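Colleague: Build me a model:
(one chain, ligands or ions: 1)
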Amino acid sequence: MSKEAKLELDGKTFSFPTVEGSEGEKAVDISSLRADTGYITLDDGYGNTGSCVSKITFIDGDKGILRYRGIPIEELAEKSNFIEVAYLIIYGNLPNRAQIENFSGLLTEHSFLHEDMKFHFEGFPAGGHPMAILSAMINAASCFDEELMHWQWGKVKQFDVYVAKLISQVRTIAAYSYRKAHGLPLIYPKKAYKYTENFLHMLFSSPYEDYEIKPEVVKALDLIFLLHADHEQNCSTSTVRMVASSQANLFASASAGVCALWGPLHGGANQAVIEMLQEIHKTGDDGSKFVAAAKDKNSGKKLMGFGHRVYKNYDPRAKIIKQACDEVLSKLQINDPLLDIAKHLEAAALKDSYFVERKLYPNVDFYSGIIMRALGIPMEMFPVIFAIGRMPGWIANYKEIMEDPKSRINRPRQIYIGRTLNSYVPLDDRK
Ligand code: SDX
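Modeller: Predicted structure coming up:
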């Protein structure tokens, strides 16, 4: 018999069932709260609200634990790769040889965009942000697919094809948006290249010669994708689930996820971290002045790449990326002053009571931009790299809703605090 939660309201006692997850997380199931009591809950920013049950990713923010389908991120980072982890997150298990070969084959088969998509790229101005282009072009790509345009929720004939199309084409669209923004000819994917190699090829090759694929660069970018692959109900994944709950098609939901991810408090933070480090570097400060500003509410400054709604400990991804930073920069013989500033900022913040009291630690975005800079990825593409990495998580959450026969449209309530009943005032009578 599960424990019950009692609620005293207006002299009455109400009971609500509780739920306990496989890792001991507990919740009060308030599905009948409004019907039983006439009350709803209010939870600004959903910090205390579970929107769903899920089997995909587990995070323990106090202990700094992150597991995809139960496997610790540290093990996956060391032993796996992005495409294998994408399969794990979407289908629930590590693929056997036949499954990964089939999945890789689908990704290769669907890496090209419809040729007419080029005209859509032509319509964007050179300065268009690649996240705006990515979101728009994911939806544009769906217009070339009959089944996506007439999406039969839960009865999709070849959902696995759409999984592969979205994962493969998001990479092609991202590369094309970069090429378009820089007035460069589009470079088509190569059949011989694996996922991450092909992305680098489409980004940096020229019609005259192929980009030199360095294993250490491929490994570092693949690790970045892997570490971003899912993160339970973050802002953008919750957006994907919100759109999916209306039974919109997979591409429409992913396109909405890109928009939510773009914000500087979320996936745009990796770009904001580099801009912050560059600003510090330009002023010749070692970061101390910036840390002081970040503590001052009136400064409008935050220590970007620090803090997290769930992690009140070091983000395990940040630990892995920080170590990879040192390795990649030494292998590529790059000495980036921004890395030294970042390390100084981290050391200063982790000793400062303001950050310690609020349990603010480096998150996934604090060091990721430095690696991407070292790989030659332009800064405006940083959130796009995050979106490519997060695509498997968005797809897995979409699939989880689509396969749940009890799923219903998400429709939160509100408490109205506006004007009470009043009447229309003709224009001539208004002040
Ligand atoms: C991602 O949710 C996910 O899972 C996201 C993500 C994923 O993989 O999907 O992990 C990816 O989005 C990582 C976060 C990237 N964003 C940033 O690095 C931006 C900087 N961080 C902050 O904006 C903030 O920490 C958030 C947005 C990440 C979390 O915000 P919360 O949970 O709403 O926390 P809060 O703003 O209520 O902060 C609590 C206190 C406040 O001070 P007080 O009012 O208590 O005095 O901490 C302060 C905040 O002012 N604070 C910071 C700070 N972050 C929080 N002060 C200075 N610098 C910061 N970075």
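Colleague: where exactly do the strands run in this structure?
Modeller: Per DSSP state E, the chain carries strands over the ranges 4-9, 12-20, 26-28, 57-60, 65-68, 71-72.
Colleague: quick one, which of those is nearest to the ligand?
Modeller: Ranking the strands of the chain by proximity to the ligand (CB to the nearest ligand atom) places strand 57-60 first, at 7.4 Å. In short, each C-beta sits where N, CA and C put it, glycine included.
Colleague: Can you report how many residues lie near whichever residue of the chain sits closest to the ligand?
Modeller: Shortest the chain-to-the ligand distance, computed as CB to the nearest ligand atom: residue-wise this is residue 307, at 2.3 Å. When neighbours are counted by other CB atoms under 10 Å, residue 307 registers 22.
Colleague: Now it: closest residue in space that isn't a chain neighbour?
Modeller: The shortest distance from residue 307 to any non-neighbouring residue, by CB to CB, 6 or more residues apart in numbering, is to residue 360 (4.3 Å).
Colleague: Please name the residues that touch that neighbour.
Modeller: Applying CB atoms under 8 Å, 6 or more residues apart in numbering to residue 360 gives the contacts 303, 306-307, 349, 354.
Colleague: pLDDT weak spots in the stretch 151-300 of the chain?
Modeller: Residues of the stretch 151-300 of the chain meeting the criterion pLDDT under 70: none.
Colleague: The ligand contacts on that one?
Modeller: 231, 234, 265-266, 269, 294 (CB under 6 Å from any ligand atom).
Colleague: would TSV of these with distance to residue 174 and neighbour count be doable?
Modeller: Putting those into TSV (distance: CB to CB, whole Å; neighbours: other CB atoms under 10 Å) gives the following:
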residue	distance to residue 174	neighbour count
231	20	23
234	20	22
265	22	12
266	18	17
269	18	26
294	31	24
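Colleague: Out of the residues you listed, list just those in helices.
Modeller: 269, 294 (DSSP state H).
Colleague: Go through the strands of the chain and name the closest to residue 280.
Modeller: strand 65-68 (28.8 Å; CB to CB).
Colleague: Does anything pack onto the closest one? Which helices or strands?
Modeller: Judged by 3 or more CB pairs under 8 Å, 6 or more residues apart in numbering; DSSP states H and E, strand 65-68 is in contact with strand 57-60, helix 73-79, helix 82-91, helix 316-331.
Colleague: And the residues of the stretch 151-300 of the chain next to the ligand, which is closest to residue 380?
Modeller: residue 269 (13.9 Å).
Colleague: Centre of the chain to the longest helix seen in the chain, how far?
Modeller: The longest helix of the chain (DSSP H) is helix 159-181. Remark: helix 159-181 is offset 16 Å from the chain centroid, using CA atoms, centre = their mean, to the nearest Å.
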